[in-house]
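Chemist: got a structure for you, letters missing:
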C-alpha cells in the first residue's frame, strides 16, 4: 500500500516541478519584453534554477539518504512553491507595462496628430510624441525587478533538490528489481506529462494581456502576435505555486522506510525478500550513523564513485547531450515564434499538445521495452545510442525547413525592395521620409499596401491617420507608393505562404524525432543505476544531477541565448536609453546558429561514446574470464538466478559470501 502511495505522491511531485519548469520556459519571450532584457540574460534567469540545485544537491543526496526521505521531499516541495510565488512578485510591485506606439485609441479621429512631425528634434522625443523626461525615467529602476525572478528561481531549484535523487533511490530500494525499470519509467513519464500542462498554461496566459483588470482593453492597440505584446506571465506562476504546495502534503504522512516483507507480498516475493543479504545494501536509510561518521565517509565514497571509468564516461556523454537538449528546448518556442512567425500562445500550445506527448510516449515505451526485452547494461547502452543516432540523422532535415526573412524596410530590405539585410540603424532613413523627424530606435510597425513592413508610421512617411486603436489606417505614406497616396495598417505584414506550407512539416518531423530520441531515455537512465553499487546509488544519482546542472543546466541557456542575440536585426529601446528586447531577427542566421549548435554538441557526444562501449565490453569480458558463476545480466533473468541460488543454499554457512559475490558482480558495471 505504501509502495503505491509513495509512487503516486512522487509522480505528482514530478508533475508539479515539471509544470512550473516548463511554464518558465514558455514565458521566455514574455519576460524578455516585460523587463526589456536580451536572450542571454533570460538564459541566466533560466539557469538560476540549476544554481539552486548546485548549492545543496550533493549534500542532500548523501545525507538525505540517511534521513527521513519522504519528509525531505515534502520540505523541498514547500520551498519550490515559495520560490514560484516570488517569481510572480514583480508584477505586483512595478508599474503598468508601456509599449512604443504612435496609435491613439480615442474614438474621435480628428484628434490624431500627424505621424510625420515636422518640428525640430529638440521638441520631440521618440516617435514625435511629447513626453516629460522625468516621468519617462521614473520606472527605469523597476526594470531591475527581474532580479526577483532570478532569486525565486534559485529557491525553486533548492526545493527541487531532494525530489529526484531521494525519490528514485527510495523506489529502487523498496521495489523488486524486475519492476524498478517500470516504476522509474512511470515516474519519468509523469514528469514529461507535466510540461504538457505547463505549456498549455503558458499558451493560455500568453493570450491574456499582462495588465488585465487594471487597464481598459480598448486602449491596447497591439495583438498577441505583435513583438511588443506581453501576456499575463505572472498568473501561471501563481497557479503553479499552488499545485506545487499541494504536492508536498502526502509526503508528510509516509513512513521513513517500507517494511521488508509486507503482508501483501506474494509467496514468490516473500521467498526472495526474506533474510536476503541484498537487504543490507537496499536499506541504507536505516543505518544509525552519526553525522560526523557520515561526513568522514563522504570524500572516500565520492573518490570510489569517480574512480569508476564507465560512470565517468556516462557522465561526460550525458552532460554534452543535455547541453544540446536544454538549449534546444529552452528556445524552441522562441524559434517557432521568430522563424515561423507564430504567436507565443500558439507556439506554447503546439509544444504542449503535439511535441511533449510524443516525448512522454517515448519515455514510457522505452521503459516497457527494456522490461520486455530484459536488456542488460550493454543492451541498454546500444539501445540508447541507436535511438539518439536516428534522431540526430532526422534532425538534419530541419536545416531544409526555412522561411524567408520578413520584409521590413530599412532592416531586411531597402526602401526600393532590394533584399539587403542591414544592421545599420541609419539605413531606415531615406529620401521619402527625409521631411519627417523620426526616431530610429522606435519599433511601431505598420504594413503598407505594397506588402512591406515599415518600422514606424513616421519612417513610412505617413502624414495622416484615421480611425483609432487596432483599426487605425495611415494614409499619404510617401515611402509606400511613389504617388504618395498609398495607405498602411497597424502591425507587421502577415507571413508568406511558403512559411505556412513548411510549418506542418516542421511539426511532424519534430514529433517523430522527439519520440525516437526519448525512447532511449529510460534505458539510458537505468545504466546509471545499474553500473554502481547499491550503497552508492543515492550519491551517484545526486552527483550526476550536480554535474549535469553545473555544466549543462546553467551554461547552456546562457550561451544559446548569447548566440541567438547575435542574429538580432532590430533591438528595442529602453525609455532612458540602452538596448532592450530584440524586435526582429535574421531568421536564416537564427536557424543556422540554433540548429547548428544543437547538432554540433550531439556529434561530440557520439564520439565520446566510442571509448565507453570499448570499456564496457572489456569489463564484461573480464567478468567472464574471472570465472563468474553466471553471465552478467539485468532484469528478470538475474532475479530468477538469484532466487534459485538463495533457495539451494539457504541452510548453508556459505550463504553470505556467495550472495555478496553475486552482488559485487551485479554492481561492478
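Modeler: Looks like it arrived, so ask away. The structure presented is a predicted model; accordingly, all values stated were derived computationally and were not measured.

Chemist: Let's see the pLDDT reported for residue 543.
Modeler: For residue 543, the pLDDT comes out at 81.

Chemist: I'd say it and residue 303 touch.
Modeler: No: using CB atoms under 8 Å, residue 543 is not in contact with residue 303, being 11.6 Å away. Bear in mind the C-beta positions are built from the backbone N, C-alpha and C, glycine included.

Chemist: Give me the more crowded residue out of these two.
Modeler: residue 543 (21 against 9; other CB atoms under 10 Å).

Chemist: what's the spacing between that one and residue 49?
Modeler: 18 Å (CB to CB, to the nearest Å).

Chemist: Next, count neighbours for residue 82.
Modeler: Around residue 82 there are 16 residues (other CB under 10 Å).

Chemist: Name the nearest residue to it, sequence neighbours excluded.
Modeler: residue 155 (6.2 Å; CB to CB, 6 or more residues apart in numbering).

Chemist: what comes up buried for the helix or strand hosting that neighbour?
Modeler: Assigned by DSSP states H and E, residue 155 belongs to helix 146-160. Judged by neighbour count using 16 or more other CB atoms under 10 Å, the buried positions of helix 146-160 are 146, 148-160.

Chemist: isn't residue 161 right up against residue 53?
Modeler: Yes: Residue 161 is within contact range of residue 53, at 5.4 Å (criterion: CB under 8 Å).

Chemist: and those two? which has more neighbours close in?
Modeler: Each of residue 161 and residue 53 has its neighbours counted (other CB under 10 Å); residue 161 has more, 29 against 26.

Chemist: which other helices and strands contact the helix holding residue 155?
Modeler: Contacts defined by 3 or more CB pairs under 8 Å, 6 or more residues apart in numbering; DSSP states H and E place helix 146-160 against helix 2-26, helix 28-35, helix 39-64, helix 69-88.

Chemist: Which of those sits closest to residue 519?
Modeler: For the helices and strands packed on helix 146-160, the distance to residue 519 is smallest for helix 2-26, at 19.1 Å, taking CB to CB.

Chemist: Report the angle between the closest one and helix 69-88.
Modeler: If you take axes from the mean of the first three to the mean of the last three CA atoms, to 10 degrees, helix 2-26 sits at 20 degrees to helix 69-88.

Chemist: Show me where the stretch 301-450 of the chain has its helices.
Modeler: 309-330, 332-340, 344-350, 356-373, 377-395 (DSSP state H, counting those that start in this stretch).

Chemist: Same check on the stretch 151-300 of the chain?
Modeler: 163-174, 177-207, 233-247, 267-273, 279-282, 291-306.

Chemist: tally of neighbours for residue 436?
Modeler: Neighbour tally, residue 436, other CB under 10 Å: 23.

Chemist: per-residue confidence at the residue lying closest to it once chain neighbours are set aside?
Modeler: Leaving out its chain neighbours, the residue that sits closest to residue 436 by CB to CB, 6+ apart is residue 116, at 3.9 Å. Per-residue pLDDT puts residue 116 at 74.

Chemist: from here on, count from 23
Modeler: Okay, using 23 as the starting number, the last item reads as residue 138.

Chemist: wait, isn't residue 138 in contact with residue 454?
Modeler: No: using CB under 8 Å as the test, residue 138 is too far from residue 454 to be in contact (10.4 Å).

Chemist: Between the two, which has more neighbouring residues?
Modeler: Each of residue 138 and residue 454 has its neighbours counted (other CB under 10 Å); residue 138 has more, 23 against 20.

Chemist: for the more buried one, helix, strand, or coil?
Modeler: Secondary structure, DSSP: H, G, I helix; E, B strand; the rest coil: residue 138 is coil.

Chemist: cool, and residue 59?
Modeler: Residue 59 - assigned by three-state DSSP - is coil.

Chemist: how many neighbours does it have?
Modeler: Count around residue 59 with other CB under 10 Å applied: 22.

Chemist: tell me the contacts of it?
Modeler: Residue 59 sits next to 53, 165, 168, 602-603 when contact means CB atoms under 8 Å, 6 or more residues apart in numbering.

Chemist: Out of the helices and strands packed on helix 168-182, the one nearest residue 187 is which?
Modeler: Nearest to residue 187 among the helices and strands packed on helix 168-182 is helix 61-86; the distance by CB to CB comes to 4.3 Å.

Chemist: what's residue 421 in contact with, if anything?
Modeler: By CB under 8 Å, 6+ apart, residue 421 lies in contact with 613-614, 617.

Chemist: List only buried entries from the residues you listed.
Modeler: 613, 617.

Chemist: Narrow the contacts of residue 421 to those in helices?
Modeler: Applying DSSP state H to those, the entries found in helices are 613-614, 617.

Chemist: ok so, going back, the helices and strands packed on helix 168-182 into TSV, with extra columns for mean pLDDT?
Modeler: Formatted as TSV, those follow (pLDDT from 0 to 100):
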stretch	mean pLDDT
helix 24-48	86
helix 50-57	90
helix 61-86	83
helix 91-110	91
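
Chemist: Between those, which one is closest to residue 542.
Modeler: The closest of those to residue 542 is helix 24-48. By CB to CB, the value is 19.3 Å.

Chemist: Could you list the buried residues of the closest one?
Modeler: Here helix 24-48 shows 24-25, 27-29, 31-48 as buried, counting by 16+ other CB under 10 Å.

Chemist: same question, stretch 372-389
Modeler: Residues of stretch 372-389 classed as buried: 372-374, 376-389 (neighbour count, 16+ other CB under 10 Å).

Chemist: thinking again about what came up before, figure out which of the helices and strands packed on helix 168-182 is closest to residue 269.
Modeler: It is, among the helices and strands packed on helix 168-182 and with distance given as CB to CB, helix 24-48, at 4.2 Å.

Chemist: State the distance from residue 386 to residue 211.
Modeler: Counting by CB to CB, the gap from residue 386 to residue 211 is 4 Å.

Chemist: Check residue 77 too.
Modeler: According to CB to CB, residue 77 and residue 211 sit 29 Å apart.

Chemist: what's the domain layout of this protein?
Modeler: According to the TED database, the chain is divided into the following domains: 23-127+166-280, 325-425+519-649, 427-517.

Chemist: Which one of those lies nearest to residue 319?
Modeler: domain 23-127+166-280 (8.8 Å).

Chemist: re earlier: how close does the residue nearest to residue 104 get to residue 418?
Modeler: When residue 177 is compared with residue 418 (using CB to CB), they lie 40 Å apart.

Chemist: quick revisit: for the residue nearest to residue 458, give me the backbone phi and psi.
Modeler: Here is the backbone geometry of residue 138 (degrees, to the nearest 10): phi -110, psi 90.

Chemist: still on that earlier bit, which single one of the contacts of residue 421 is nearest to residue 543?
Modeler: Set against residue 543, the nearest of the contacts of residue 421 by CB to CB is residue 617 (21.4 Å).

Chemist: Could you give the number of residues near the nearest residue to the closest one once chain neighbours are set aside?
Modeler: Of all residues not flanking residue 617 in the chain, residue 420 sits nearest, at 5.3 Å (CB to CB, 6+ apart). Residues lying near residue 420 (other CB under 10 Å) number 19.

Chemist: Let me see the contact set for residue 420.
Modeler: 528, 531, 613, 617.

Chemist: run the last query once more with 10 Å
Modeler: Applying CB atoms under 10 Å, 6 or more residues apart in numbering, we find residue 420 in contact with 357, 527-528, 531-532, 535, 613, 616-617, 620-621.

Chemist: List the contacts of residue 46.
Modeler: So residue 46 contacts 53, 64, 67-68, 71, 106, 109, 171, 174-175, 178, 220, 224, 255, 258-259, 262, 352 (CB under 10 Å, 6+ apart).
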